[in-house]
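Peer 1: compute the structure for the input listed below.
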Amino acid sequence: MLLASAFCYCHEMGIYDFYQREPRISESTENDSATTEIIASSSAFQLEVREEMAVRKSAVTSAVVEDNILEILSPKPEHGVADPVAALQLIREDLGDCTRCKLHKQGRKQIVFGVGNPRAELMFVGEGPGADEDTQGEPFVGRAGQLLNNMIRAMGLRREDVYIANIVKCRPPGNRQPERDECETCSPFLMRQIATVKPKAIVALGATASKNLLAVNAPMSELRGRWYDFKPAGSDPLWTGARLAVTYHPAFLLRDPRQKAEAWKDLQMVMSYLGIVPPKKTAE
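Peer 2: The predicted structure follows:
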């Protein structure tokens with residue numbers, strides 16, 4: 001009983017491993033039987049404890065796996081809907097008059113969902129709505145939107161040919177940068193939009209969009225000028241996914257027009273991938 005109590009005390013203290021000191025030559029051999037009994041009890045106790053810990057660990061792991069499976073297998077309203085127009089409408093209805101993050105009570109007028117061709121090969125993703133977007137309910141309709149329209153036309157496309165959305169769908173107060181929890185709450189709806197449209201290429205406009213889509217924290221200088229494979233979790237397995245490129249946000253280009261040439265290089269990379277030939281400039 002005393003030995004068992006000692007082991008229980010050690011167990012409660014977080015001690016599970018016990019070691020035997022080798023007997024000295026001068027020690028009497030009559031203690032061998034007692035030593036053998038201690039070793040046997042120690043080994044049995046350690047085995048019992050480790051088996052119990054293994055069972056508990058297995059139970060916890062199973063619970064976590066089961067939770068993840070339930071989350072992954074949880075059907076979305078748009079799953080199985082072949083028509084992207086109808087699927088996007090279902091996502092919008094699921095979003096509802098969203099109150100999932102604090103932006104809904106910080107002055108937003110309405111949710112800015114997304115606009116454009118539901119079967120677009122090219123998708124632009126920005127940061128979040130501004131004042132004009134919050135008023136009209138459509139992304140990129142202010143000064144930055146006018147510049148984006150010009151960029152799209154320079155590529156030989158129309159606004160109606162592409163799909164445009166943002167990381168967050170409610171205007172942050174004072175046009176501040178969306179906070180991490182706001183992005184994490186809202187971005188799953190964007191991922192569902194991307195999975196529905198199935199674009200061939202995505203252009204992330206600015207640092208906030210780039211870092212949230214790519215889940216990396218790197219400067220624009222390191223993110224630009226290369227392609228990234230992108231496919232939201234739970235997408236149609238028959239869809240191979242999109243390629244994602246990074247460029248400057250039009251609002252940044254309005255503040256620093258010198259970077260427009262760099263942004264055009266990024267768009268040229270996108271055009272080359274999509275096989276788009278820009279229109280020739282007419283002589284004045």
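Peer 1: residue 133 contacts residue 145, doesn't it?
Peer 2: Yes. Residue 133 is in contact with residue 145 according to CB atoms under 8 Å; the separation is 7.5 Å. Yep, even glycine has a C-beta here, placed from its N, CA and C like the rest.
Peer 1: list the residues that contact both of these two?
Peer 2: The contact sets of residue 133 and residue 145 overlap at residue 139 (CB atoms under 8 Å, 6 or more residues apart in numbering).
Peer 1: now the helices for this structure?
Peer 2: 2-12, 32-73, 84-95, 131-136, 143-154, 180-197, 206-214, 220-223, 250-255, 260-274 (DSSP state H).
Peer 1: least reliable of those going by mean pLDDT?
Peer 2: Lowest mean pLDDT of the helices of the chain: helix 32-73, a mean of 44.
Peer 1: neighbours around residue 103, how many?
Peer 2: 25 (other CB atoms under 10 Å).
Peer 1: so how far is residue 142 from it?
Peer 2: Separation of residue 103 from residue 142 (CB to CB, to the nearest Å) stands at 18 Å.
Peer 1: do the same with residue 89
Peer 2: When residue 89 is compared with residue 142 (using CB to CB), they lie 26 Å apart.
Peer 1: higher neighbour count, those two?
Peer 2: Legend: neighbour count by other CB under 10 Å for residue 89 and residue 142, higher for residue 142 (21 against 17).
Peer 1: now that one, nearest residue through space, not along the chain?
Peer 2: Using CB to CB, 6 or more residues apart in numbering and skipping residues adjacent in sequence, the residue nearest residue 142 is residue 132, 3.5 Å away.
Peer 1: run a quick neighbour tally on that neighbour.
Peer 2: 17.
Peer 1: wait, it touches residue 139, no?
Peer 2: No. The pair residue 132 / residue 139 is not scored as a contact, 9.9 Å apart, by CB under 8 Å.
Peer 1: now do the shared contacts for these two.
Peer 2: With CB under 8 Å, 6+ apart as the test, residue 132 and residue 139 both reach residue 145.
Peer 1: hey, what's the closest residue to residue 120 other than its chain neighbours bridged with?
Peer 2: Excluding its sequence neighbours, the residue lying closest to residue 120 (CB to CB, 6+ apart) is residue 163, at 4.2 Å. Counting by DSSP bridges, residue 163 is bridged to residue 116, residue 123.
Peer 1: how much space separates residue 163 from residue 176?
Peer 2: Computed as CB to CB, the residue 163 to residue 176 distance reads 26 Å.
Peer 1: neighbour count: those two, which is higher?
Peer 2: residue 163 (27 against 10).
Peer 1: tell me how far the more buried one lies from residue 119.
Peer 2: Taken as CB to CB, the span from residue 163 to residue 119 is 9 Å.
Peer 1: can you work out which residues contact both of the two?
Peer 2: By CB under 8 Å, 6+ apart, the residues touching both residue 163 and residue 119 are residue 197.
Peer 1: what's near enough to touch the residue nearest to residue 120?
Peer 2: Residue 163 makes contact with 114-118, 120, 122-124, 193, 197, 199, according to CB under 8 Å, 6+ apart.
Peer 1: need the pLDDT of it.
Peer 2: 98.
Peer 1: cool, residue 279 as well?
Peer 2: 84.
Peer 1: burial check on it, number of neighbours?
Peer 2: When neighbours are counted by other CB under 10 Å, residue 279 comes out with 11.
Peer 1: need phi/psi at the closest residue to it other than its chain neighbours.
Peer 2: Spatial nearest neighbour of residue 279, excluding adjacent residues (CB to CB, 6+ apart): residue 156 at 4.9 Å. When quoted as degrees, to the nearest 10, the phi and psi of residue 156 stand at phi 90, psi 20.
Peer 1: please apply the same query to residue 216.
Peer 2: phi -130, psi 160.
Peer 1: distance of the residue nearest to it when sequence neighbours are not counted from residue 196?
Peer 2: Distances taken as CB to CB, 6+ apart place residue 223 nearest to residue 216, at 7.4 Å, with adjacent residues excluded. As for residue 223, its distance to residue 196 is 25 Å (criterion: CB to CB).
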